[in-house]
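Trainee: sequence and predicted structure below; questions after.
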Amino acid sequence: LSQYKNEIAKALGQNVQQVDSSHSVATDSKENQIMYSYPKRFLRRGALPEPERKQKEESTGALVQKDAIAIIGMSGRFAKSNTVNELWEHLSKGTDLIEEVSRWDLSKHYPQDNNCCKHGSFLEDIDKFDPLFFNISGLEATYMDPQQRLFLEESWKALEDAGYAGSGIGGSRCGVYVGYVAGDYQHLFGDVLPAQAMWGNAGSVAPARIAYYLDLQGPAVAVDTACSSSLVAIHLACQGLWSGETEMALAGGVFVQSTPGFYLASNRAGMLSSTGRCHTFDEKADGFVPGEGVGAVVLKRLKEAIADGDHIYGVIRGSGMNQDGTTNGITAPSANSQERLERYVYDTFHIHPEEIQMVEAHGTGTKLGDPIEYQALTRAFRKYTDKKEYCAIGSIKTNIGHTQIAAGVAGLIKILLSLQHKQIPPSLHFE
């Protein structure tokens with residue numbers, strides 16, 4: 001360190017005293033080596049000597065080489081599907097899992113002749129939970145948002161599917177990333193609540209539940225970016241693996257309704273389908289239908305997954321994220337932003353659109369969003385190829401509706417199941 005004292009002193013505007021090399025210095029390194037991390041501002045201002053800066057840039061560049069990410073475990077629950085295998089049975093047969101709302105009596109809120117949406121897809125037995133399995137008391141479980149309970153269960157099942165559930169991964173740098181929005185469960189209780197109700201309904205605790213239970217010491221992050229939440233969670237999980245921050249990751253999302261509040265608000269906003277179906281990419285599109293779901297996937301760097309003999313459902317070759325910016329409304333998407341992001345991912349990760357056989361689209365079934373999404377994909381593809389009618393497009397929302405925060409992971413699970421069974425399931429309600 002002493003050889004750079006003049007440069008450091010100049011950058012800091014301070015005097016740096018020379019360190020006597022004969023004095024012992026305590027370190028955490030197993031090899032008793034001292035590692036120094038220079039602030040980036042030194043590199044920007046050129047305070048480090050050229051050889052040192054070049055070495056720093058080379059080590060940073062190594063992190064930019066983003067290897068593929070393997071998906072080694074998955075689990076999920078959706079309408080009439082307590083497992084992903086049950087979900088595939090429905091998808092492969094083209095089953096419509098939408099039904100009339102029965103959890104609440106919506107007629108109390110709407111007159112009989114009202115054309116508001118009264119359909120959706122729902123999880124069964126959302127009140128069932130085994131708290132003792134996760135060392136949770138009955139009192140705490142009572143005041144836990146069902147979304148916390150469900151993601152905790154599916155996280156365990158996904159890790160179990162990957163072969164990593166249990167104490168064996170305790171202390172590991174396994175990150176947990178979940179798409180989660182604060183639910184309405186707490187509205188079912190009165191004003192006098194125990195302390196457990198506080199963290200039982202906090203979004204930040206949703207990813208922390210499985211991390212606490214298994215002693216996972218990577219990041220635990222709750223993500224709320226609306227419909228993209230679970231995909232953003234998966235993207236952040238990939239970023240953690242690419243940067244070396246984590247060695248394994250659990251990612252997904254959950255959406256469950258405890259009251260009819262979401263229906264009432266979305267109907268007022270004119271977002272829901274009066275016909276009770278998602279007519280994705282169809283002229284009859286008149287809005288989306290709400291659905292419930294929870295899903296989780298386990299991720300590892302592909303090279304390490306292969307070396308460890310993990311079962312691999314599929315591979316994430318690249319991912320990206322951006323925002324629409326200014327559009328004609330804060331809920332309106334941007335074709336330009338979508339096209340820009342798609343081309344960025346293709347270019348950055350060396351993906352040629354001619355290699356893509358299937359696109360699992362967002363496809364909510366709205367007159368505004370669907371055409372924009374289709375146009376953006378078409379324009380992005382045409383930048384690379386003139387080939388036509390070679391890539392299938394669809395959306396799981398035609399089967400289970402729009403699962404909101406969990407929509408992205410639902411689509412990913414559909415893709416993984418399609419790969420596993422070598423079959424593209426039909427999208428429904430398209431004429």
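Mentor: Perfect, thanks for sending it.

Trainee: residue contacts, residue 397?
Mentor: Residues near residue 397 by C-beta atoms under 8 Å, 6 or more residues apart in numbering: 278, 280, 288, 289, 291, 363, 364, 365, 403, 407. The C-beta positions use only the backbone N, C-alpha and C, and glycine is treated the same way.

Trainee: and which of the residues you listed is nearest residue 212?
Mentor: Comparing the contacts of residue 397 against residue 212 with C-beta to C-beta picks out residue 403 as the nearest, at 25.9 Å.

Trainee: before we move on, back to that, which one of the contacts of residue 397 is nearest to residue 307?
Mentor: Residue 307 lies nearest to residue 407 out of the contacts of residue 397, by C-beta to C-beta, at 33.3 Å.

Trainee: just list the residues touching the residue nearest to the closest one when sequence neighbours are not counted, thanks.
Mentor: Nearest non-adjacent residue to residue 407, counting by C-beta to C-beta, 6 or more residues apart in numbering: residue 227, 5.3 Å away. For residue 227, the contact set (C-beta under 8 Å, 6+ apart) comprises 362, 364, 402, 404, 405, 407, 408.

Trainee: same check, this time on residue 339
Mentor: Residue 339 makes contact with 376, 377, 379, 380 under the criterion C-beta under 8 Å, 6+ apart.

Trainee: quick check on those: which are buried?
Mentor: Buried subset of the contacts of residue 339 (neighbour count, 16 or more other C-beta atoms under 10 Å): 376, 377, 380.

Trainee: make CSV out of those residues and add distance to residue 351, pLDDT and secondary structure.
Mentor: Formatted as CSV, these follow (distance: C-beta to C-beta, whole Å; pLDDT from 0 to 100; DSSP: H, G, I helix; E, B strand; the rest coil):
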residue, distance to residue 351, pLDDT, secondary structure
376, 16, 97, helix
377, 13, 97, helix
380, 11, 97, helix
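
Trainee: out of those residues, flag the one nearest to residue 271.
Mentor: residue 376 (20.4 Å).

Trainee: sorry, back to before: is it possible to get JSON lines of the contacts of residue 339 that adds distance to residue 256?
Mentor: Output for the contacts of residue 339, formatted as JSON lines (distance: C-beta to C-beta, whole Å):
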{"residue": "376", "distance to residue 256": "31"}
{"residue": "377", "distance to residue 256": "31"}
{"residue": "379", "distance to residue 256": "37"}
{"residue": "380", "distance to residue 256": "34"}
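
Trainee: show me which pair in the residues you listed is furthest apart.
Mentor: Maximum pairwise distance among the contacts of residue 339 (C-beta to C-beta): 7.5 Å, between 377 and 379.

Trainee: burial count for residue 351?
Mentor: Look at residue 351: counted by other C-beta atoms under 10 Å, it has 15 neighbours.

Trainee: dump the C-alpha coordinates for whichever strand or helix holds residue 233 into CSV.
Mentor: Element membership for residue 233 (DSSP states H and E) is helix 229-243. What follows is helix 229-243, C-alpha atoms only, in CSV (Å, rounded to 0.1, in the frame of the first residue of the first chain):
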residue,chain,number,x,y,z
SER,A,229,-42.6,-8.7,-10.5
SER,A,230,-41.7,-12.4,-10.6
LEU,A,231,-39.8,-12.0,-13.9
VAL,A,232,-37.8,-9.2,-12.4
ALA,A,233,-37.2,-11.4,-9.3
ILE,A,234,-35.8,-14.1,-11.6
HIS,A,235,-33.7,-11.4,-13.5
LEU,A,236,-32.2,-10.2,-10.2
ALA,A,237,-31.5,-13.8,-9.3
CYS,A,238,-29.6,-14.2,-12.5
GLN,A,239,-27.7,-10.9,-11.9
GLY,A,240,-26.6,-12.2,-8.5
LEU,A,241,-25.3,-15.4,-10.0
TRP,A,242,-23.5,-13.6,-12.8
SER,A,243,-21.8,-11.2,-10.4
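
Trainee: roughly how far is the following helix or strand past that helix from the heart of the chain?
Mentor: Downstream of helix 229-243, the next assigned helix or strand under DSSP H and E is strand 248-255. Computed by C-alpha atoms, centre = their mean, to the nearest Å, the chain-centroid distance of strand 248-255 equals 6 Å.

Trainee: pLDDT of strand 248-255, averaged?
Mentor: Averaged across strand 248-255, pLDDT comes to 98.

Trainee: show me where the stretch 201-350 of the chain has its strands.
Mentor: In the stretch 201-350 of the chain, strands defined by DSSP state E, counting those that start in this stretch lie at 220-223, 248-255, 293-301, 314-316, listed in chain order.

Trainee: ok now the third one, how far from the chain's centre?
Mentor: To tie it back to what came earlier, the one meant is strand 293-301. Computed by C-alpha atoms, centre = their mean, the chain-centroid distance of strand 293-301 equals 8 Å.

Trainee: in its sheet, which strands sit next to it, and in what direction?
Mentor: strand 69-78 (antiparallel), strand 248-255 (antiparallel) (DSSP bridges).

Trainee: of these, flag the one that's most buried.
Mentor: Across the strands paired with strand 293-301, averaging neighbours per residue (mean count of other C-beta atoms under 10 Å) puts strand 248-255 on top, at a mean of 32.

Trainee: now the angle from that strand to helix 229-243?
Mentor: With axes from the mean of the first three to the mean of the last three C-alpha atoms, to 10 degrees applied, the angle from strand 248-255 to helix 229-243 works out at 170 degrees.

Trainee: what's the longest helix in the chain?
Mentor: As assigned by DSSP state H, the longest helix anywhere in the chain is helix 146-162.

Trainee: tell me which other helices or strands that one touches.
Mentor: Using 3 or more C-beta pairs under 8 Å, 6 or more residues apart in numbering; DSSP states H and E, the elements in contact with helix 146-162 are strand 69-78, helix 205-214, strand 248-255, strand 293-301.

Trainee: export these to a markdown table and tack on distance to residue 325?
Mentor: A markdown table is the format used below for the helices and strands packed on helix 146-162 (distance: least, C-beta to C-beta, whole Å):
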| stretch | distance to residue 325 |
| --- | --- |
| strand 69-78 | 28 |
| helix 205-214 | 29 |
| strand 248-255 | 24 |
| strand 293-301 | 29 |
